[in-house]
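Asker: Return atomic coordinates for the entry below.
(2 chains)
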Protein chains: 2
Amino acid sequence: MRRRQFIQKTSLATAAMSFSHISIGKKKEKLGVALVGLGGYSTGQLAPSLQMTEHCYLAGIVTGTPEKAVSWQEKYDIPDENVYNYDNFESIANNADIDVVYVVLPNSMHTEFAIKAAEAGKHVWCEKPMAKTVKECEEIIAACKKNKVKLSIGYRMQHEPNTQQLRAFVKNQKYGDLRMLEAVAGFTMNSTGIWRLNKEMGGGAMYDMGVYPINAVRYLSGLEPLSVMAYESKRRPEMFAEVDETMNYILEFPGGLMANCATSFGMNMGRLTVTCGRGNFRLEPFQSYRGIKGYTSDGIQFSDQVKSQQAVQMDDDALAIIDGRAVMVPGEEGLRDIKVVEAAFKSAEEGKRISIH
Amino acid sequence: MRRRQFIQKTSLATAAMSFSHISIGKKKEKLGVALVGLGGYSTGQLAPSLQMTEHCYLAGIVTGTPEKAVSWQEKYDIPDENVYNYDNFESIANNADIDVVYVVLPNSMHTEFAIKAAEAGKHVWCEKPMAKTVKECEEIIAACKKNKVKLSIGYRMQHEPNTQQLRAFVKNQKYGDLRMLEAVAGFTMNSTGIWRLNKEMGGGAMYDMGVYPINAVRYLSGLEPLSVMAYESKRRPEMFAEVDETMNYILEFPGGLMANCATSFGMNMGRLTVTCGRGNFRLEPFQSYRGIKGYTSDGIQFSDQVKSQQAVQMDDDALAIIDGRAVMVPGEEGLRDIKVVEAAFKSAEEGKRISIH
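Answerer: Numbering: from 1, shown residues only, chains lettered A, B, ... in the order given. Okay, the predicted model is just below:
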């Protein structure tokens, strides 16, 4: 053990008595979270956010890269016994420090590790998209149900205050009844050799960014789409040989409500526009990590900035577990979005309107 | 002749010598325009705008309603010999005061009167949509060609300064290359018993408002769409038993460029959004008679207000005739939009992507 690490661990042990996450009686005040997959999102967003959370903390990590384990342990004071790799992951079942497993792996690996986490008796947080197929989503939901653990999908926007303001405008009909939705989300992907360009691993814009518009038009309307028409297009066909670069899709909801959506790895865009009977309002950007801003047709601007969207999300999800309440974004939410994604891919391929059942 | 009318006509005759629209040599300085159809648009927009134009003036009217003829003659000092009805319209050929016939009739009547005007040797201005079908558009173009008269379609936005600013941003790539287009145009139609709800007369949102998004994404991209996917939906199915209330449509352009569009008689909306490689910009509203405003992602706002969009349009079109230049928005522009409209209706009906040839 290197000197710095030793000092950190010692001070950690000394300080432990005052830590709020130490169990008091049966109800934990602060849940231990293990991040599975230490890629960009875990490194840049979730781990820093877990330093700000009140109801959960970074207790463990699961990684296939020993070098990452060392640097994370140093940076976040993670004890050796809370570090796992993909081979010994199942033994996390015996670790009382870990209450929640947050699956932040490439999309194709969500199902396997979400199910393993559930079978280890841990609550499951799963990044969006929930999985590659509806069938996989159903398997995850079944495993969590069977093992009596809670399942949350990492749709952080539902926890975000400006998004909640927008939902309130729809719900309380401040601008009249809901008449049309528009949502676009994308960024210019310039990296190559990454799993997000690999079909087998669940790459492509639709899985990564396209679920934001889908989730948004669903949570704003409170309705499930009846059918979809979708186009796939490529500006850089060589780079996107395996997966979709851009998808444009129209969703039909009950009662004649429609949504125009688009997603892309080929351009920066992020806008969620709501047209109602007596005005309109929008968030722009609507799904970036910070800087969400709202505008209404009568000149109101709103931009309630939280310190970390991810911290708010994880605290909400941790509190639901601690208090034994239903989580805000359960597995069914992820499943319903993947139903739309599957139908959109089919529509783009067949050039037809596809019903969503 | 009533006293007031007599006085007006006398004073008109006295003043005539100084009028700039009196022919000097062979080249007229101010063209005489006859409006065919004195409905809301002629009454509320075109006639008042023709009081502001420099290169054309309201010289005549064609109406099937004698009461309208009387009130228009009084209001605009129109001599009896420049007033026609639908039965004697062809005799306009012998009226040297009339250089241009502006067809502002219900959509189903555009073709008949545009062709009659061309055959009478008059230049033709035709309101959008040009006609109900591609075949009719071709017939109008052929008649104007055969009779050596100019044909302009009343897409006033192409003449509007903020729209031209937007087009310049695309053309000079101020924000990088063009990557996505979004355009929505609609208003809440609450009138009943009108031709815009009648299928035979060319009613419905797509013909009336849907051509704005189509024309806009075409003039911004400078490209012709390859295919369309469209949905028709109704919020008020009884009122819109014959025609479309709302249409959502995706257009595919060459090179992977896409456009998300929507139009409606069921809600107020008007927005034209352009996403480029280094930023985005929009007009909101983008096709209302006044108040067009532009916004860019780097905070620029622009709103160059002309006294009358219609006056600018008609002066542009009159000058093109006077100077023997090509008009800004020829018949082919109207035809190409109707190609898209026909394909969109077919797509909505069949639930399939439809190629546009």
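Asker: Report the distance from stretch A:243-257 to the chain centre.
Answerer: Its chain's average C-alpha position is 20 Å from that of stretch A:243-257, according to Cα atoms, centre = their mean, to the nearest Å.
Asker: Point out the residues in the stretch 101-250 of chain A that sit beside chain B.
Answerer: A:179-180, A:182, A:184, A:188, A:229-231, A:233-235, A:237, A:245-246, A:248-250 (Cβ under 8 Å from any Cβ of the partner chain). The C-beta positions use only the backbone N, C-alpha and C, and glycine is treated the same way.
Asker: how about 6 Å then?
Answerer: A:179-180, A:229, A:231, A:233-235, A:248, A:250 (Cβ under 6 Å from any Cβ of the partner chain).
Asker: Narrow those residues to those that are buried.
Answerer: Among these, those classed as buried by 16 or more other Cβ atoms under 10 Å in any protein chain shown are A:179-180, A:229, A:231, A:233-235, A:248, A:250.
Asker: now these in CSV, with distance to A:T65 and pLDDT?
Answerer: Formatted as CSV, these follow (distance: Cβ to Cβ, whole Å; pLDDT from 0 to 100):
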residue, distance to A:T65, pLDDT
A:R179, 50, 98
A:M180, 47, 98
A:M229, 42, 98
A:Y231, 38, 98
A:S233, 36, 98
A:K234, 32, 97
A:R235, 33, 96
A:N248, 37, 98
A:I250, 42, 98
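Asker: re the thing from before, tell me the one among the residues of the stretch 101-250 of chain A next to chain B nearest to B:C56.
Answerer: The nearest member of those to B:C56, counting by Cβ to Cβ, is A:M180 at 38.4 Å.
Asker: Now A:V101: which helix or strand?
Answerer: strand A:100-103 (DSSP states H and E).
Asker: go on, A:T111?
Answerer: helix A:110-119.
Asker: Check which residues of that helix are buried.
Answerer: Those would be A:110-118, for helix A:110-119 by 16+ other Cβ under 10 Å.
Asker: from the buried ones among the residues of the stretch 101-250 of chain A next to chain B, which ones fall inside strands?
Answerer: A:179-180, A:229, A:231, A:233, A:248, A:250 (DSSP state E).
Asker: What is the most widely separated pair among those?
Answerer: Top of the distance list for those (Cβ to Cβ): A:R179 and A:S233, 27.5 Å.
Asker: how about A:D315, what does it touch?
Answerer: By Cβ atoms under 6 Å, 6 or more residues apart in numbering or on different chains, A:D315 lies in contact with A:53-55.
Asker: at 7 Å what do you get?
Answerer: A:53-56 (Cβ atoms under 7 Å, 6 or more residues apart in numbering or on different chains).
Asker: what's the closest of the buried residues of helix A:110-119 to chain B?
Answerer: A:H110 (28.9 Å; Cβ to the nearest Cβ).
Asker: confidence score at A:K28?
Answerer: On the pLDDT scale, A:K28 is placed at 82.
Asker: burial of A:Q164, as a residue count?
Answerer: Neighbour count of A:Q164, defined by other Cβ atoms under 10 Å in any protein chain shown: 15.
Asker: An error on my part: the question was meant for A:N82.
Answerer: By other Cβ under 10 Å, 18 other residues sit near A:N82.
Asker: For it, give its distance to A:G64.
Answerer: If you measure A:N82 against A:G64 using Cβ to Cβ, to the nearest Å, the figure is 16 Å.
Asker: before we move on, what about A:G299?
Answerer: For A:G299 relative to A:G64 (Cβ to Cβ), the value is 52 Å.
Asker: quick one: which of those two has more around it?
Answerer: A:G64 (14 against 6).
Asker: can I assume that one is in contact with A:Y86?
Answerer: Yes. The pair A:G64 / A:Y86 is scored as a contact, 5.1 Å apart, by Cβ atoms under 7 Å.
Asker: Residues of the stretch 251-357 of chain A that sit close to chain B?
Answerer: Counting by Cβ under 7 Å from any Cβ of the partner chain, the stretch 251-357 of chain A comes close to chain B at A:252, A:256, A:258, A:260, A:262, A:266-267, A:269, A:275, A:277, A:280, A:351-353.
Asker: In those residues, which residue is surrounded by the most others?
Answerer: A:A262 (31 neighbours).
Asker: quick check: mean pLDDT across the helix holding A:T111?
Answerer: 98.
Asker: contact partners of that helix?
Answerer: A:36, A:89-90, A:101, A:103, A:105, A:124, A:126, A:130-131, A:136, A:139-140, A:143-144, A:147, A:149.
Asker: Which of those fall within strands?
Answerer: A:36, A:101, A:103, A:124, A:126.
Asker: can I get these in a markdown table with pLDDT and neighbour count?
Answerer: Below are the ones in strands among the contacts of helix A:110-119 laid out as a markdown table (pLDDT from 0 to 100; neighbours: other Cβ atoms under 10 Å in any protein chain shown):
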| residue | pLDDT | neighbour count |
| --- | --- | --- |
| A:V36 | 98 | 28 |
| A:V101 | 98 | 28 |
| A:V103 | 98 | 26 |
| A:V124 | 99 | 28 |
| A:C126 | 98 | 28 |
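Asker: Among the residues you listed, which one lies nearest to chain B?
Answerer: So of the ones in strands among the contacts of helix A:110-119, ranked by how close each gets to chain B (Cβ to the nearest Cβ), first place is A:C126, at 29.8 Å.
Asker: what's that closest one in contact with, if anything?
Answerer: A:103, A:110, A:114, A:140, A:151, A:153-154, A:334.
Asker: Also A:G277?
Answerer: For A:G277, counting by Cβ under 7 Å, 6+ apart, the contacting residues are A:176-177, A:179, B:267.
Asker: run the last query once more with 10 Å
Answerer: A:173, A:175-179, B:188, B:235, B:266-268 (Cβ atoms under 10 Å, 6 or more residues apart in numbering or on different chains).
Asker: related to what we said a few turns ago, put the alpha carbons of the strand holding A:V101 into PDB.
Answerer: The C-alpha coordinates for strand A:100-103 follow below in PDB (Å, rounded to 0.1, in the frame of the first residue of the first chain):
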ATOM      1  CA  VAL A 100     -27.200  -0.700  -5.300                       C
ATOM      2  CA  VAL A 101     -25.500  -1.800  -8.500                       C
ATOM      3  CA  TYR A 102     -25.500   0.900 -11.200                       C
ATOM      4  CA  VAL A 103     -25.000  -0.600 -14.700                       C
END
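Asker: What pairs with it, parallel or antiparallel?
Answerer: strand A:31-36 (parallel), strand A:123-126 (parallel) (DSSP bridges).
Asker: could you point out which element follows the first one?
Answerer: Of the helices and strands lying after strand A:31-36 in sequence (DSSP H and E), the nearest is helix A:40-41.
Asker: most centrally placed residue in chain A?
Answerer: Taking Cα atoms, centre = their mean, the centroid of chain A lies closest to A:G154, which sits 2.5 Å from it.
Asker: Tell me who's in contact with that one.
Answerer: Contacts of A:G154 (Cβ under 10 Å, 6+ apart): A:41, A:46, A:102-104, A:125-130, A:310, A:313-314, A:317, A:329, A:334.
Asker: Check what pLDDT it gets.
Answerer: A:G154 is given a pLDDT of 98.
Asker: Tell me if I'm right that A:T263 and A:P213 touch.
Answerer: Yes. With contact defined as Cβ atoms under 10 Å, A:T263 counts as touching A:P213 (6.1 Å).
Asker: and for the two, which residues touch both?
Answerer: Contacts common to A:T263 and A:P213, judged by Cβ under 10 Å, 6+ apart, are A:183-186, A:206, A:247, A:249.
Asker: So which of the residues you listed sit within strands?
Answerer: Going by DSSP E, the strands hold A:183-186, A:247, A:249 from the shared contacts of A:T263 and A:P213.
Asker: Sketch out the low-pLDDT regions of the stretch 151-300 of chain A for me.
Answerer: For the stretch 151-300 of chain A, no stretch has pLDDT under 70.
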